[in-house]
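**Student:** predicted model and sequence below, questions to follow.
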Amino acid sequence: MDVTTGDTEIKNSVPDGLETTKQPFEQSKKHFGQRFWPTAEGIIVLGLALVALIPRIILATQLDQVNDEGIYIVAGKLDLALMAHLRIYSPQWDFNYEHPPLVKLLIGLFIYLNAHLGHLLNELFAARIPSLISGTLLVIAIYWLERAPFGRAVALLAALCLAVSPWLVYFSALAYLDMTMTMLITIAYLLLWPAIHQPRLYILSAILVGLAAACKYTAVLVIPAMVLFVAYYFLLILPRLPAEQRPPFPWRWWIGAIIIAPITFLIADPAIWPNPVRLLNHSFSFEWHHSIDGHLTFIAGQYSLHIPHWAIFYMVFAKMSAFVTIPAACFAIFALIQLLRFHLREANLSTAEVTRIAFHFIWLVSLLGMFSLLNIVVGTHYLLPMATPIALSGAFAWVTLFRYRRGALFHSVNQSMPPALAMQTTDTTMPVKPHIDLRAAVVLALLTLFLVGPHLAGLVSVSGVEGYSSEFFNGENNVLQVAYPAYREAGLWLLAHTQRPGKVGLVAIIGTIVGPGNEGPYDVSWYTYNKDLRGRLKFSEAVPDAHSFPYDYLVWPMHLVQRGYSIPAPWRSHIVHVIMGGNTTYCFIMARDLSTNT
């Protein structure tokens, strides 16, 4: 928004080149936040980094191993060893071939560094460091790159919302591929805004796209949004500018980006170096047939091999607060109306404002459309790239509703004259002092409460936070599949509430918590990361469809119940404890002899 005083127009953080007119700007009239930009920005970025990193570190030290982590850790150790010995043609690259190796190499690298530094960290925590870093960098990047399109308030609110989001915190604390991919592809899209006037950034964006695809193939579902926004701006927005203000089409940078993205992907995916065409085709074929065959998944009260296209909305509304998702939906409607009015010439909107709206509208709607095409989604982590456009859209909707103006919080008031006279003077030598607008401060406090408060409450109240669900749902058990097994929490409870030696059966799909032998390949298994539980209780893997369970205690994860592996009838009346996160059940603990627990 612009504030006009006399013949002077003060711009409020509008990106250069997007306005059709440029008026004189008085240096003495910059608000406090602008005058002390380096200090203020440094404090904000540091604060965001701490707010994002601390809960992720705490959770990464507490969470039990989740099933897929063992696969990625084994693959990380194996792939790093293959790279170190330049065994590019080894058939061992085929292990976990359905996913490209970039994040797995990072996992292996951090495990290697931890080992050579004397095992300063638990190996499972070391494997989670790439996700920890990526989740924190994502929050910082959202704030840093979103200030230009929508201003500091929207950028900061959205960043804080995701910094404490139980959904993002949980997957930032696991050795999964998705958080690193999400961070890279999100930054790649955000760079399209400054690339309008700095086209060399298209190359950086393309590099990030290639790296994201080398983390997980689903990153390519964001590419249509990127292409659509660039085409929309240059074909539909640019012609509305005066001829002398239209930048030339950056054909060379676009061609360079188109070339550099696949080259980056190829460099970052050593598994396909021996024969890129054949091996890529083999990998895509695996994904295609896996999609056709499906994957047993629980959603909306039933389990099936494939999910309906509307499931993306269901999952997003379950994992993000209603105070974020409902405003984001309102933004989509508002944005569509504004864009239609602009092109029908029924609204006097600036090209800058239309570009801002289109930037986020295209991102939000395109990702909803593309990710809804996935007919198998094993868990909500597949949809993590949706979190940023939803949070930003929700923050913009709240700011618009409360009519908060960019730059309204701080004003510079001259100490030696009345404020009205200070606004008219051109004397830059007189001392000024910062002044906080009370109304703007109250509005920001309310917006923070609405956008950040619910997620923060969920983060501190839901154990493990994987069981967080929004205000629409009472826990995840009847909504989404609960992937967290909580074997460790169950083991600790049994140690605290039993006195005798006994055998504990950890019910799991065969091979998910142990590999060949007792410890698994590369010394990776649930037993490896829970050696402190060994003693009078002997833990072993139990297959859920076994005919009998010769154990003193059984630990039965909820996700197996959701997928059709119900607790055997003789054991159902022997449940002695339930491990929960908020209102979500993680696993059941059963005792053959009820008198053995205290």
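**Tutor:** Structure received. Numbers count the residues shown, from 1 in each chain.
**Student:** what mean pLDDT does the host helix or strand of residue 48 have?
**Tutor:** Counting by DSSP states H and E, the element that carries residue 48 is helix 37-62. Averaging pLDDT along helix 37-62 gives 91.
**Student:** now swap in stretch 303-312 and tell me
**Tutor:** For stretch 303-312, the mean pLDDT works out to 89.
**Student:** so what would you say the end-to-end distance of it is?
**Tutor:** End-to-end distance for stretch 303-312: 16 Å, by Cα to Cα, to the nearest Å.
**Student:** what lies in contact with that stretch?
**Tutor:** By Cβ atoms under 8 Å, 6 or more residues apart in numbering, the residues outside stretch 303-312 that reach it are 293-297, 299-300, 368, 371-377, 383, 386, 481, 562-564. (Each C-beta comes from the backbone N, C-alpha and C, glycine too.)
**Student:** okay, buried residues for that stretch please.
**Tutor:** Going by neighbour count (16 or more other Cβ atoms under 10 Å), the buried part of stretch 303-312 is 303, 307, 311, 312.
**Student:** can you check stretch 548-567 too?
**Tutor:** The neighbour-count check on stretch 548-567 (16+ other Cβ under 10 Å) flags 549, 551-563, 565, 567 as buried.
**Student:** then stretch 455-468?
**Tutor:** 455, 456, 458, 459, 462, 463, 464, 465, 466, 467, 468.
**Student:** and stretch 567-587, by the same measure?
**Tutor:** Within stretch 567-587, the residues that count as buried by 16+ other Cβ under 10 Å are 567-568, 571, 574, 576-577, 579-582, 584-587.
**Student:** also stretch 199-211?
**Tutor:** For stretch 199-211, by 16+ other Cβ under 10 Å, it's 199, 201, 202, 203, 204, 205, 206, 207, 208, 209, 210, 211.
**Student:** now stretch 272-292
**Tutor:** Those buried within stretch 272-292 under the rule 16+ other Cβ under 10 Å are 272, 279, 280, 283.
**Student:** so what does the helix holding residue 48 touch, helix or strand wise?
**Tutor:** helix 129-150, helix 152-163, helix 166-172 (3 or more Cβ pairs under 8 Å, 6 or more residues apart in numbering; DSSP states H and E).
**Student:** and the angle for the very next helix or strand once past it with helix 129-150?
**Tutor:** Next helix or strand after helix 37-62 toward the C-terminus (DSSP H and E): helix 67-84. When axes from the mean of the first three to the mean of the last three Cα atoms, to 10 degrees is applied, the directions of helix 67-84 and helix 129-150 differ by 100 degrees.
**Student:** helix or strand right after helix 67-84?
**Tutor:** Immediately after helix 67-84, counting by DSSP H and E, sits helix 102-116.
**Student:** for that following helix, name the packing helices and strands.
**Tutor:** If contacts are counted by 3+ Cβ pairs under 8 Å, 6+ apart, helix 102-116 sits against helix 67-84, helix 123-127, helix 129-150, helix 178-190.
**Student:** mind running it again at 6 Å?
**Tutor:** helix 67-84, helix 123-127 (3 or more Cβ pairs under 6 Å, 6 or more residues apart in numbering; DSSP states H and E).
**Student:** tell me which of those sits most buried.
**Tutor:** helix 123-127 (a mean of 23; mean count of other Cβ atoms under 10 Å).
**Student:** mind checking how far that one is from the chain centre?
**Tutor:** Distance of helix 123-127 from the chain centroid (Cα atoms, centre = their mean, to the nearest Å) equals 20 Å.
**Student:** quick one: average pLDDT of that helix?
**Tutor:** Average pLDDT, helix 123-127: 96.
**Student:** the chain should start at 17 in everything you say after this.
**Tutor:** Sure thing, new numbering starts at 17, so read that last one as helix 139-143.
**Student:** from the contacts of stretch 319-328, list the buried ones, please.
**Tutor:** Buried by 16+ other Cβ under 10 Å: 311, 313, 315-316, 384, 387-388, 390, 392-393, 399, 402, 497, 578-579, out of those.
**Student:** quick one: which of the helices and strands packed on helix 53-78 is nearest residue 362?
**Tutor:** Proximity to residue 362 (Cβ to Cβ) singles out helix 145-166 among these, at 23.5 Å.
**Student:** what's that closest one in contact with?
**Tutor:** With Cβ atoms under 6 Å, 6 or more residues apart in numbering as the test, helix 145-166 has contacts from 31, 61, 64-65, 68-69, 72, 76, 122, 126, 171-172, 174-175, 178-179, 188, 190, 195-196, 199, 203, 206, 209, 372, 375, 404, 412.
**Student:** take the contacts of stretch 319-328 and keep only those in strands.
**Tutor:** Among these, the members found in strands (DSSP state E) are 313, 315.
**Student:** for ChimeraX, write the selection for the buried entries among the contacts of helix 145-166.
**Tutor:** Buried residues among the contacts of helix 145-166 (16+ other Cβ under 10 Å), as a ChimeraX selection:
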select :31,64,65,68,69,72,76,122,126,171,172,174,175,178,179,188,190,195,196,199,203,206,209,372,375,404,412
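**Student:** you'd agree residue 116 is up against residue 229?
**Tutor:** No. Using Cβ atoms under 6 Å, residue 116 makes no contact with residue 229, being 7.2 Å away.
**Student:** quick one: residue 530 and residue 542, what's the gap?
**Tutor:** Counting by Cβ to Cβ, to the nearest Å, the gap from residue 530 to residue 542 is 7 Å.
**Student:** more neighbours: which of those two?
**Tutor:** residue 542 (26 against 22; other Cβ atoms under 10 Å).
**Student:** which SSE is the residue lying closest to that one once chain neighbours are set aside in?
**Tutor:** Spatial nearest neighbour of residue 542, chain neighbours left out: residue 529 (3.9 Å); criterion: Cβ to Cβ, 6 or more residues apart in numbering. Under DSSP H and E, no helix or strand contains residue 529.
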